[in-house]
Each structure stands twice: as C-alpha cells, then as structure tokens.
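Chemist: coords below, sequence missing:
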C-alpha cells in the first residue's frame with residue numbers, strides 16, 4: 001500500500017514544481033529586454049525625426065496657427081475626455097515649451113537616459129500633440145500613440161542605454177568593494193514631476209479618464225518608494241517585492257505589445273480581403289497613380305506598368321498580414337514572414353512616401369525579432385563604433401579579455417531559452 005502512496009505523492013509534486021518555475025520565470029527577470037530596447041529606440045527615433053521634419057510647420061499642425069484652432073480642440077476634448085497639456089494654456093510660448101520638451105524627451109529616451117522619467121515625459125508629449133489635432137495623424141501616429149503608453153510600463157533600458165552603462169559602472173564599483181555613485185539627478189527629476197503632477201490632478205488637467213491619472217500616480221509613488229528602499233539595506237524584502245512587480249508589469253506590457261501588433265495585422269488583412277480591389281489583385285495599382293503617394297513618379301510608373309508585379313504584391317500583402325499571427329509559435333516561419341513584412345514597410349516608405357508610418361511599424365515589429373539576432377547585431381554595432389573611434393583617435397585598439405559585467409549577464413539571461421519564446 002505504501003508504493004501507490006509514494007507514486008501519488010510524486011505525481012502531486014510535479015504540478016506545483018512546474019507552476020513554480022513558470023511563476024519564477026515571469027517574476028524574477030524582465031523578458032525580452034533586447035526586444036523592448038529596440039522598440040524604445042525605434043519608436044522614439046521615429047517621433048524625433050518626425051518632430052524635426054515638421055519643425056517649420058509645427059504651429060500649423062499642432063499650434064495656434066493651425067486650422068483646428070484652440071476653441072475647436074477644447075470643445076472636442078471636453079466630449080471625448082482625452083488628455084493634452086496644450087489645453088492648459090492658449091499661449092504660443094506654452095506651445096513652444098511643450099513641443100521642445102517632447103522633442104528633447106524623444107532624444108533622451110532614444111539613448112536611454114533616465115528612462116523612467118523620460119518615458120513618462122515622452123508619453124505626455126505624444127498624447128498632448130496628437131490629441132491637440134487628431135485629424136493630422138495616420139496609422140503610424142496611432143502606433144506611436146499606443147507604444148508611448150506601453151513603454152512607460154516596460155524596463156526598456158536594461159540594455160543598449162545610458163542607464164545600463166551607469167548600472168554596470170555601479171556594479172563594478174560594488175564588486176571592487178566600493179559604493180555606487182550617488183544619484184542626485186534622478187530624485188530631482190522625479191520631485192519636479194511630482195510638483196507638476198499634483199496641481200494638474202487637483203485642477204483636473206489630466207483629461208476625463210481615470211486610467212491616466214492612476215498610471216501617473218502609481219508610477220510616481222512606486223519609483224519614489226523604489227529609490228527610498230534602495231537606500232536602506234534593512235528593507236531588502238520590500239525592494240525585492242517592488243522588483244517583482246516591475247518585472248510583472250514589464251512582461252505584461254510586452255505581451256500587450258505583441259498582441260497589439262498581431263491585432264493590427266489581423267484586422268488590416270481581414271479588411272483587405274473584403275475589398276473587391278484586393279480580391280482581383282489590383283489594389284496596389286491605384287495609390288501608385290496618385291500624385292500624393294508618388295515621391296518617385298518614374299519608379300511608381302515602372303511598377304504600375306507591370307500587371308504581374310502589381311498582382312503578386314497585392315496578394316502577398318494580404319497573405320502575409322493574415323497569416324502572421326498564426327505563425328508565432330513556429331520560429332522559422334515567423335522569422336521569414338517578419339523579414340517579408342519589414343521589407344514591405346521599407347517598400348511603402350520608398351514607393352508611397354510614408355517613411356514615418358513605415359518606421360513606426362518596423363519598430364513595433366521588432367518585438368518579435370530573435371534575441372540571438374539582436375545580440376549579434378549589437379555586437380556588430382559596438383565593433384563598428386570601436387573601430388570608428390579608434391580611427392578618429394589615430395590609434396590601434398587591441399581587444400582586451402572579456403569580462404562578465406551587467407550587460408553580459410543580461411545577454412545570458414535573455415538568450416537562455418529565448419529560441420522557444422514568441423520574441424525569439
């Protein structure tokens with residue numbers, strides 16, 4: 001009678017052990033750190049370039065000189081409860097300040113400087129400009145709008161950022177028996193955000209929704225508690241709890257980003273199937289004949305003159321968009337379709353003159369890039385940068401021995417078993 005009891009006990013212990021390993025995986029470390037870093041860099045770089053290109057036309061797009069003037073925007077925002085700090089004042093000086101802060105926050109988020117602060121400022125800037133004149137955007141603006149919100153919840157600066165380099169330097173100091181460098185800039189920035197957030201909440205300047213004030217206050221209180229607990233060695237349990245919550249938020253946001261990309265392609269593909277022009281294979285022909293979408297008339301005319309090329313590209317677009325969400329659990333097929341979609345967006349940027357839409361979609365697609373590829377690409381970029389600086393300095397740099405720093409540990413954690421996940 002004892003043998004069956006023993007077998008039953010082993011069987012019962014197998015289930016909780018597997019569940020415990022799964023829970024530990026999603027709480028112990030942030031997954032997809034390289035993918036989230038690429039999304040961060042791609043989205044912020046796209047919006048930075050867009051703001052720079054529209055710098056001469058900023059007042060007509062979002063400012064006081066636009067056809068959608070301030071009273072009309074206020075009337076619309078009062079109905080849809082959206083958020084924009086541009087409604088705080090009608091002054092042209094206030095508009096210039098908001099536009100400049102959005103531009104600077106995009107640049108700082110791209111390089112990963114104080115990402116917890118700059119990601120919030122970037123989200124506020126994107127929402128403020130886009131909600132001020134909602135009729136000025138397209139599909140790419142919608143993608144940036146959503147990704148700016150999701151990036152606030154991710155730990156997207158664990159690699160390829162100035163924050164990661166600063167953390168590695170502090171880890172090296174601790175390993176050598178020293179103390180990490182004292183952080184003054186971070187608390188000052190966070191205190192300044194609190195001084196703005198409090199009156200904005202009291203005066204009702206955060207829109208009519210409940211989620212945005214809640215998100216901003218949870219972020220502010222959570223990071224303030226994080227900083228306070230990190231200074232006290234006696235509260236390591238609470239610090240670990242906050243770390244676990246941050247990992248859960250990051251991993252959940254990464255899943256939402258992947259689901260959002262799949263939803264974009266699925267809806268776009270199934271709506272195309274219902275159109276008669278997509279069914280007969282001629283849909284691509286018509287935008288190639290519009291002056292607005294032909295920055296290179298000769299190239300567009302050459303492609304439009306080939307009925308076979310138009311038909312193949314039209315059908316291929318629909319097939320790839322519909323099939324992509326169903327290929328996520330097959331790495332090889334998913335990677336092939338990912339390359340095809342990136343190439344498709346590159347073609348849209350060149351042929352139809354929509355570079356920022358294409359850049360936004362490629363940045364969102366990057367969440368599915370394999371970790372091995374991203375690590376290899378990062379190594380090539382680092383090697384090229386090293387050679388460039390060594391040539392500019394007129395010296396030959398001899399590679400030194402590899403050392404296991406924070407970045408190396410992150411690569412090992414992200415790469416382990418990464419081939420069997422949705423992100424690579």
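Modeler: Received, thanks. Model, not experiment: these values are computed from the prediction.
Chemist: Now do the longest helix seen in the chain: distance to the chain's middle.
Modeler: For the chain, the helix with the greatest residue count under DSSP state H is helix 236-273. In terms of C-alpha atoms, centre = their mean, to the nearest Å, the gap separating the centre of helix 236-273 from the centre of its chain is 11 Å.
Chemist: Quick check: mean pLDDT of it?
Modeler: Averaged across helix 236-273, the pLDDT comes to 91.
Chemist: what's in contact with the helix or strand following that helix?
Modeler: Following helix 236-273 in sequence order, the next helix or strand is helix 276-279 (DSSP states H and E). Contact partners of helix 276-279, identified using C-beta atoms under 8 Å, 6 or more residues apart in numbering, comprise 272, 273, 283, 286, 314, 318. (C-beta placed from N, C-alpha, C; glycine too.)
Chemist: so who does the third one touch?
Modeler: The one in question is residue 283. Taking C-beta under 8 Å, 6+ apart as the criterion, residue 283 is in contact with 272, 275, 277, 314.
Chemist: Check the gap between the nearest residue to the first one once chain neighbours are set aside and residue 58 for me.
Modeler: Once its chain neighbours are removed from consideration, residue 272 has its nearest residue in residue 278; the separation is 4.4 Å (C-beta to C-beta, 6 or more residues apart in numbering). In this structure, residue 278 and residue 58 are 37 Å apart, going by C-beta to C-beta, to the nearest Å.
Chemist: coming back round to it: just the buried residues of the contacts of helix 276-279.
Modeler: 272, 283, 314, 318 (16 or more other C-beta atoms under 10 Å).
Chemist: Could you provide the residues you listed in JSON lines, with additional columns for secondary structure?
Modeler: As requested, the buried ones among the contacts of helix 276-279 are exported to JSON lines (DSSP: H, G, I helix; E, B strand; the rest coil):
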{"residue": "272", "secondary structure": "helix"}
{"residue": "283", "secondary structure": "helix"}
{"residue": "314", "secondary structure": "helix"}
{"residue": "318", "secondary structure": "helix"}
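Chemist: For the stretch 1-150 of the chain, which segments count as strands?
Modeler: For the stretch 1-150 of the chain, strands defined by DSSP state E, counting those that start in this stretch do not occur.
Chemist: residue ranges with poor pLDDT in it?
Modeler: By pLDDT under 70, the low-scoring segments of the stretch 1-150 of the chain are 1-16.
Chemist: can you do 90?
Modeler: For the stretch 1-150 of the chain, applying pLDDT under 90 flags the ranges 1-29, 63-71, 73-74, 76-82, 133-140.
Chemist: can you give me the helices for it?
Modeler: Ranges of helices in the stretch 1-150 of the chain, per DSSP state H, counting those that start in this stretch, are 2-28, 33-53, 58-61, 70-80, 92-111, 115-132, 139-153.
Chemist: May I see these arranged in CSV, with distance to residue 324 and mean neighbour count as well?
Modeler: Below are these laid out as CSV (distance: least, C-beta to C-beta, whole Å; neighbours: other C-beta atoms under 10 Å):
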stretch, distance to residue 324, mean neighbour count
helix 2-28, 24, 10
helix 33-53, 16, 23
helix 58-61, 33, 16
helix 70-80, 31, 13
helix 92-111, 27, 19
helix 115-132, 26, 24
helix 139-153, 15, 21
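Chemist: circling back: for the longest helix of the chain, name the packing helices and strands.
Modeler: helix 2-28, helix 33-53, helix 139-153, helix 211-230, helix 307-323, helix 355-365 (3 or more C-beta pairs under 8 Å, 6 or more residues apart in numbering; DSSP states H and E).
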